[in-house]
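Student: Sequence below, structure please.
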Amino acid sequence: MEQETQTFDHTLDQTPELTVSDPPPLEIEPQAAEPEVPAGEPEVRSSPSGPKDTRKKWFVIHTYSGYENKVKANLERRIHSMNMQDKIFRVLVPMEDEVEFKDGKRKITPKKVFPGYVLVEMDMDDASWYVVRNTSGVTGFVGSPGSGEKPVPLQDKEVKTILKQMGIETPKLKIDFKKGDRVKVTSGPFFDFTGIVDEIQPEKEKVRALISIFGRETPVELEFYQIEKV
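Tutor: Next up, the predicted model:
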């Protein structure tokens, strides 16, 4: 599996035209914390259907330039034929509309944002890795730290930028609590503790709750799926 070296964020701002058959190097930045988001109540609120599915991550595979759609079709066929729908969820070839003016006429042409690359949303394990890696036309995963190691997924901010560019919205997690509500921690080191919601961070899908520890209210940051309203 080849390791890729060019910065992925740079590609978001500048889409090169490739004339060679092999894709350019691409480097995926390691997961990093996102900046603080001002407190506020999410627009959509209802009972959650269950814990957040943290298995789903976006990965980048590379292929020969011009074969992106063929690889997408090949992989989607393998997903269905091998019953991997619960492991490999979406396959995307990032596209954007390019506007040209020719002979005084406005022409819109779809262009590939990252020639030679395909995005896959999947639950990465040995089985799903094997299905993707051995799909006809796939030359490897981007961001693998070494031989035998699993590749590094895209950061959430990178995925949101790409999906927004394609006109695809990322699904929002629905919750049924607001600031001031009493909640119970259902998982993690503070399991079974109760506290008061002090701040909601919708973009990060986290809350800050004031939990009583040794008689003192202590602010603790928790994932949406780690708490439930009481």
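
Student: can you count the residues close to residue 188?
Tutor: 13 (other Cβ atoms under 10 Å). From N, CA and C alone the C-beta is placed, and that goes for glycine too.

Student: Okay, it and residue 212: tell me how far apart.
Tutor: Applying Cβ to Cβ, to the nearest Å, the value for residue 188 to residue 212 is 16 Å.

Student: Which residues lie in contact with residue 61 in this structure?
Tutor: Residue 61 is in contact with 71, 117, 118, 119, 120, 132, 133, 138, 139, 140, 141, 142, counting by Cβ atoms under 8 Å, 6 or more residues apart in numbering.

Student: Kindly report the same for residue 229.
Tutor: Going by Cβ under 8 Å, 6+ apart, residue 229 touches 176, 177, 181, 182, 183, 184.

Student: Check residue 94 too.
Tutor: Here residue 94 is in contact with 112, 113, 114, 117, 119, 162, 165, 166 (criterion: Cβ under 8 Å, 6+ apart).

Student: Now the buried members of those residues.
Tutor: Buried subset of those (neighbour count, 16 or more other Cβ atoms under 10 Å): 112, 113, 114, 117, 119, 162, 166.

Student: which SS class is residue 127?
Tutor: On the three-state scheme (DSSP: H, G, I helix; E, B strand; the rest coil), residue 127 is labelled helix.

Student: can you offset everything so residue one is 655?
Tutor: Let's use 655 as the start, then, which means that last one is residue 781.

Student: Roughly how far does the residue lying closest to it once chain neighbours are set aside sit from residue 780?
Tutor: In space, and not counting its chain neighbours, residue 781 is closest to residue 741: 6.5 Å by Cβ to Cβ, 6 or more residues apart in numbering. For residue 741, the distance to residue 780 equals 10 Å [Cβ to Cβ].

Student: Compare the two and say which is more crowded by neighbours.
Tutor: residue 741 (19 against 8).
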